[in-house]
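# Turn this into a model:
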Amino acid sequence: MNIPTRPIALTLLALAFSALILGRAQAGGGHFYAPVADPLVKEECGSCHLAFAPSMLPAASWRRMMSELKNHFGDDASLDPATLARITDYLVSNAGDTGGRRYGEKLLRGVSTTNPPLRITELPKWVREHREVPAWEWKHKEVRSKANCTACHADAARGYYDE
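Here you go, the predicted structure:
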């Protein structure tokens with residue numbers, strides 16, 4: 001009996017490709033945070049650092065952070081009132097405990113609702129997932145900071161934080 005090998009090979013290739021895509025989608029479920037979609041937020045926040053996905057912090061964190069822009073982690077990131085209101089509304093509406101719950105729920109598990117952190121790097125899940133990174137690696141000239149996600153996560157700007 002002569003079994004044609006070409007259709008079998010194509011079927012196996014299609015299955016392998018599907019598994020790869022499905023695996024990425026499933027992995028993205030735990031390590032995907034919808035990236036900033038608002039052009040103003042991308043421009044203003046992204047001019048100094050990665051415009052972090054709003055679902056990575058709870059609404060209370062974003063409100064507090066946006067109210068303290070005169071001292072934004074040591075820098076003055078003050079904005080005019082209209083821009084401030086628009087960016088704050090976007091971040092709060094898409095925060096991990098509001099509109100971005102689908103993405104941020106796992107990351108925000110165990111986070112205090114009365115005193116949530118301002119830094120993503122202080123979230124319990126973030127700390128657990130990065131505990132094996134040696135201290136010297138954070139000081140590397142290509143990394144320089146725990147907030148420089150793109151140094152290790154090449155697709156962070158697209159919302160993927162897989163390794």
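
# Quick one: name whatever helix or strand follows the helix or strand of the chain with the lowest mean pLDDT.
Using mean pLDDT, DSSP states H and E, the weakest-scoring helix or strand in the chain turns out to be helix 5-31, at a mean of 55. Using DSSP states H and E, the helix or strand that directly follows helix 5-31 along the chain is helix 39-46.

# outside of that next one, which residues touch it?
Val36, Ala51, Phe52, Leu79, Thr83, Arg86, Ile87, Tyr90, Leu91 (C-beta atoms under 8 Å, 6 or more residues apart in numbering). All C-beta spots, glycine's among them, are computed from the backbone N, C-alpha and C.

# mind redoing it with 7 Å?
Val36, Ala51, Leu79, Thr83, Arg86, Ile87, Tyr90 (C-beta atoms under 7 Å, 6 or more residues apart in numbering).

# just stretch 122-129 next, same as before
Lys106, Leu107, Leu108, Arg109, Gly110, Val111, Pro117, Ile120.

# Reformat those residues as CSV; add secondary structure and neighbour count.
Output for the contacts of stretch 122-129, formatted as CSV (DSSP: H, G, I helix; E, B strand; the rest coil; neighbours: other C-beta atoms under 10 Å):
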residue, secondary structure, neighbour count
Lys106, helix, 11
Leu107, helix, 25
Leu108, helix, 23
Arg109, coil, 11
Gly110, coil, 9
Val111, coil, 20
Pro117, coil, 17
Ile120, helix, 19
